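*Asks:* my questions concern the predicted model and sequence given below.
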Amino acid sequence: MDERHRTTMSNGVLIQEKSPTGDGADLTLNLTRQRLLGLLGGDGADGIDHDGDLGILHRLQAVLEEPTADFAIVTP
């Protein structure tokens, strides 16, 4: 898709920004959407093109909770 996104976690809040400017990310991943979904679902990072410390990814995965299938989402 040739898109760039930056995800930042601070104080338990995950912030996503599309088309970020600047450099300085602790970890950069280059992967497909399907591979990203698998990664967020618990698949390992083996074979993912990356630049930086993969320990950052492991720290993020450690704080993510298993989704609740019957979570009531309220929409307008």
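*Replies:* Perfect, thanks for sending it.

*Asks:* could you list the buried residues of stretch 55-62?
*Replies:* For stretch 55-62, burial by neighbour count (16 or more other CB atoms under 10 Å) applies to Leu57. Glycine gets a C-beta too; all of them are placed from N, C-alpha and C.

*Asks:* next one: it to chain centre, how far?
*Replies:* 9 Å (CA atoms, centre = their mean, to the nearest Å).

*Asks:* quick check: closest non-adjacent residue to Arg33.
*Replies:* What sits nearest to Arg33 in space, not counting adjacent residues and going by CB to CB, 6 or more residues apart in numbering, is Met1, at 6.7 Å.

*Asks:* His5 now?
*Replies:* Among residues not flanking His5 along the chain, Lys18 sits closest, at 5.5 Å (CB to CB, 6+ apart).

*Asks:* how much space separates that neighbour from Met1?
*Replies:* Per CB to CB, to the nearest Å, Lys18 is found 11 Å from Met1.

*Asks:* residues touching Asn30, list them.
*Replies:* When contacts are counted by CB atoms under 8 Å, 6 or more residues apart in numbering, Asn30 touches Ile48, Asp49, His50.
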